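Student: Just a sequence and a predicted model for now, questions to come.
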Amino acid sequence: MFGITRPRLMRGASLPVPVEAPVIHTERLTLRPFSMADSDRWFEIQSDPQVRAFTSWPERNREESRRHLKNRTHHVLLKQADDFLALAVEHDGILIGDVSLHLRSVETVTRSAEISWILHPDSQGHGYAFEAARAMLELAFTRLEARVIFALVHPTNTASMALAQKLGFTPFDGSDGEIIFVSTGLLAQ
């Protein structure tokens with residue numbers, strides 16, 4: 001169910017300096033917090049069978065998609081384990097996808113996060129996912145000061161596997177047939 005989390009008081013340690021959702025400008029993209037103005041395009045993106053094939057998302061009607069988006073608009077702070085930061089990916093003012101970080105550990109020596117990316121199929125094949133994920137990794141390794149970033153990829157998602165490797169991630173066999181890609185730092189450009 002949406003929005004059910006343990007109260008912050010019960011979630012343990014916090015980062016010394018929380019990471020608030022930034023607006024990031026890359027060469028061609030803007031990464032920014034979601035807004036409800038994204039609802040029509042978000043419904044289109046998450047309704048696409050090619051997108052849903054590699055997520056655990058159920059098929060949603062327009063109202064369910066709006067509720068899902070409203071939930072994502074609140075994911076704007078990384079402070080404690082299990083916090084989630086979701087950024088909209090825009091190209092030429094049009095929402096084309098999502099890139100996110102899920103904070104897994106806040107302790108300095110083990111600080112880790114999971115990264116994920118989703119692009120509308122019409123926007124794939126142009127290097128946008130690389131550009132957005134690279135910007136999010138930079139935020140993870142510099143502002144969040146993560147030691148490890150990982151991505152869980154379905155083994156038939158060849159595009160995401162190739163992207164993870166291009167980003168410098170190392171693949172490992174995971175549970176449930178997924179492949180775990182691990183990165184401990186940014187590759188030089």
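Tutor: Looks like it came in fine.
Student: Report the secondary structure state of the most centrally placed residue in the chain.
Tutor: For the chain, residue 100 is the residue whose C-alpha lies nearest the centre (C-alpha atoms, centre = their mean; 1.8 Å). Following DSSP: H, G, I helix; E, B strand; the rest coil, the label given to residue 100 is strand.
Student: Show me where the protein dips below the pLDDT cut-off.
Tutor: In the predicted model, the chain carries pLDDT under 70 at residues 1-6, 8-11, 187-189.
Student: Okay, and the beta partners of residue 20?
Tutor: Following DSSP bridges, residue 20 is listed with bridge partners residue 77.
Student: close enough to count as contact, it and residue 83?
Tutor: No: using C-beta atoms under 8 Å, residue 20 is not in contact with residue 83, being 11.0 Å away. Quick note: C-beta positions are derived from backbone N, CA and C, even for glycine.
Student: what about the two, which has more around it?
Tutor: Between residue 20 and residue 83, residue 83 has the larger neighbour count (other C-beta atoms under 10 Å), namely 23 against 12.
Student: helices and strands around the longest helix seen in the chain, which ones?
Tutor: Using DSSP state H, we find that the single longest helix of the chain is helix 128-142. For helix 128-142, the packing partners by 3 or more C-beta pairs under 8 Å, 6 or more residues apart in numbering; DSSP states H and E come out as strand 24-25, strand 29-33, strand 84-91, strand 94-105, strand 112-119, strand 148-153, helix 158-166.
Student: quick one: contacts of the first one?
Tutor: Strand 24-25 has contacts (C-beta atoms under 8 Å, 6 or more residues apart in numbering) with 30, 31, 32, 87, 135, 136, 139.
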